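J.: fold the stuff below for me.
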Amino acid sequence: MRSTLPILASVSLAACATTPMPGDPAVPVYAVAETVPVATANEDAADDPAIWRNAASPSDSLIVATDKKGGLYVYGLDGEVKSFSEHPALNNVDLVDMGDMGVIVFASDRSGPTNAGIMLYRLDTTNGTLAKLGRVASGPGEAYGICGTRRGNTLVVYTAPKSGRIGEWEIALDAAPAARELRTMQVRTQPEGCVVDHRNGTLYIGEEDVGIWRFRSDATTGELVAEVDGRKLVADVEGLALVPDGTDGGWLYASSQGDNTYMRYALPDMTPAGRFRIAKGAFGSAEETDGIEAMAGDFGPAFPGGLFIAQDGMNEGKAQNFKLVPLAEIEKALATE
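T.: So this is what the prediction gives:
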């Protein structure tokens, strides 16, 4: 979460965007598409994206993203709106393909600041619409970060409220959804970024002013595996995304919000593996990014080697939106760094 600034004029926002970056150098990459801005103008509103890949027709893949003042958008890869589901105070979002039960979308519900919740939807992948399944409580405090995975036939969701009390929840997708807490973990200050490795259940949590924590499957204490150091990670640490490769390799990406960049780490050891920024090209640059998402695979002619999405907190003075970058171009840029 960025520090809140009065939005007096687009000039002041542009001045923030051109402030020299204090972190280590970052190679430029460029968006090839962007979403329609969210409807909430002059607010910190757009926040977090999730990706559903259409294996049968990659160009028809979908993006689900939050306007935390308004609700959930479903976008196509062209950035156009497929549908909008109104529900103010949804902060972060993720989705899991549950096979015969459908693609389940879940979002952190901040509508009760002392009573965190999870809103559940089913994504119609043909029409790009959301059907509301219900809300389940997820403990005390204000809901914030969220991520999840499939464990057998069970949906498992991780919540990261502002209090730092991380919860692991088993979600029953019955006529009336229900949640059962399996495990609790703790970070000292406010977290948000949340991603789980679907291969082994390892959970990564971004503690905004501290760094990235790794919680092994079934562990209740974590390891600080990447610190906010003002060079590779500049506070706040925001969105996290994981692209697996093989049994335990791949990449973890993090939004280094304080200097408008993104950090890449090599798994499984979280070895620093390059920094990049989304620079202005055919589409605008991205600054003050909250949520990110990344996925390998074919997404059609524009994204043949995968897709990286970043929330743009500035969007050149317009309402906030999301920038789409070919993942292969990021890998190429970092390989030549």
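J.: tell me the bridge partners for Trp52.
T.: Leu62 (DSSP bridges).
J.: so how many other residues sit close to it?
T.: Close neighbours of Trp52, defined as other Cβ atoms under 10 Å, add up to 19. C-beta here means a position set from N, CA and C on the backbone, and glycine is covered the same way.
J.: surely it touches Leu123?
T.: Yes - contact status for Trp52 versus Leu123: in contact at 6.3 Å, counting by Cβ atoms under 8 Å.
J.: what do those two both touch?
T.: By Cβ atoms under 8 Å, 6 or more residues apart in numbering, Trp52 and Leu123 have these common neighbours: Leu62, Val64, Leu95, Val103.
J.: helix, strand or coil for the second one?
T.: So that's Val64. State at Val64, reduced to three classes by DSSP: H, G, I helix; E, B strand; the rest coil: strand.
J.: buried sites along stretch 173-187?
T.: For stretch 173-187, the buried set under the neighbour-count rule, 16 or more other Cβ atoms under 10 Å, comprises Leu173, Pro177, Ala179, Arg183, Met185, Val187.
J.: now the fourth one: how far from Tyr158?
T.: Spelled out, it's Arg183. Taking Cβ to Cβ, to the nearest Å as the measure, Arg183 falls 9 Å from Tyr158.
J.: where does pLDDT dip in the chain?
T.: Under the criterion of pLDDT under 70, the regions of the chain flagged as low confidence span 1-21.
J.: give me the sheet partners of the strand ranked longest in it and which way each runs.
T.: Ranked by residue count, the top strand of the chain under DSSP state E comes out as strand 129-140. Sheet partners assigned to strand 129-140 using DSSP bridges are listed as strand 115-124 (antiparallel).
J.: in the partner strand, what's buried?
T.: Within strand 115-124, the residues scored as buried using 16+ other Cβ under 10 Å are Ala116, Gly117, Ile118, Met119, Leu120, Tyr121, Arg122, Leu123, Asp124.
J.: kindly report the same for stretch 157-176.
T.: Using 16+ other Cβ under 10 Å as the burial criterion, the residues of stretch 157-176 that qualify are 157-169, 171, 173.
J.: figure out the length between the terminal residues of that stretch.
T.: 17 Å (Cα to Cα, to the nearest Å).
J.: ok so, going back, tabulate the buried residues of stretch 173-187 (a markdown table), appending distance to Ala46 and secondary structure.
T.: Below are these laid out as a markdown table (distance: Cβ to Cβ, whole Å; DSSP: H, G, I helix; E, B strand; the rest coil):
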| residue | distance to Ala46 | secondary structure |
| --- | --- | --- |
| Leu173 | 28 | coil |
| Pro177 | 26 | coil |
| Ala179 | 27 | strand |
| Arg183 | 31 | strand |
| Met185 | 28 | strand |
| Val187 | 25 | coil |
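J.: farthest pair within these?
T.: Pairwise distances among those were taken by Cβ to Cβ; the largest, 28.7 Å, belongs to Leu173 and Val187.
J.: pick the one among the buried residues of strand 115-124 closest to Val195.
T.: Nearest to Val195 out of those is Ile118 (Cβ to Cβ; 16.5 Å).
J.: from Leu95, how far out is the closest one?
T.: Distance from Ile118 to Leu95, by Cβ to Cβ: 13 Å.
J.: and if you look at His198?
T.: To Leu95, His198 is 12 Å away according to Cβ to Cβ.
J.: those two - which one has more neighbours?
T.: Taking His198 and Leu95 together and counting by other Cβ under 10 Å, Leu95 has the greater number of neighbours (20 against 14).
J.: quick one: contacts for the more buried one?
T.: Taking Cβ under 8 Å, 6+ apart as the criterion, Leu95 is in contact with Ala50, Ile51, Trp52, Val64, Val103, Ile104, Val105, Phe106, Leu123.
J.: from the residues you listed, list just the buried residues.
T.: Among the contacts of Leu95, those classed as buried by 16+ other Cβ under 10 Å are Ala50, Ile51, Trp52, Val64, Val103, Ile104, Val105, Phe106, Leu123.
J.: hmm, Gly297 and the second one touching each other?
T.: Meaning Ile51. No - taking Cβ under 8 Å as the contact criterion, Ile51 and Gly297 are not neighbours in contact, 9.8 Å apart.
J.: which residues in this protein form helices?
T.: Listed in chain order, the helices of the chain (DSSP state H) span residues 10-17, 327-335.
J.: residues near Arg275, how many?
T.: Each residue near Arg275 was counted by other Cβ under 10 Å, and the total is 24.
J.: quick one: the closest residue to it other than its chain neighbours and Val195, what's the gap?
T.: On the basis of Cβ to Cβ, 6 or more residues apart in numbering, the spatially nearest residue to Arg275 that is not a chain neighbour turns out to be Ala26, at 4.0 Å. Per Cβ to Cβ, Ala26 is found 21 Å from Val195.
J.: so the two - more neighbours on which side?
T.: Neighbours per residue, other Cβ under 10 Å: of Ala26 and Val195, the larger number sits with Val195, 27 against 23.
J.: so the more buried one is in contact with Tyr204, correct?
T.: Yes - distance between Val195 and Tyr204: 5.1 Å, which falls inside the contact criterion (Cβ under 8 Å).
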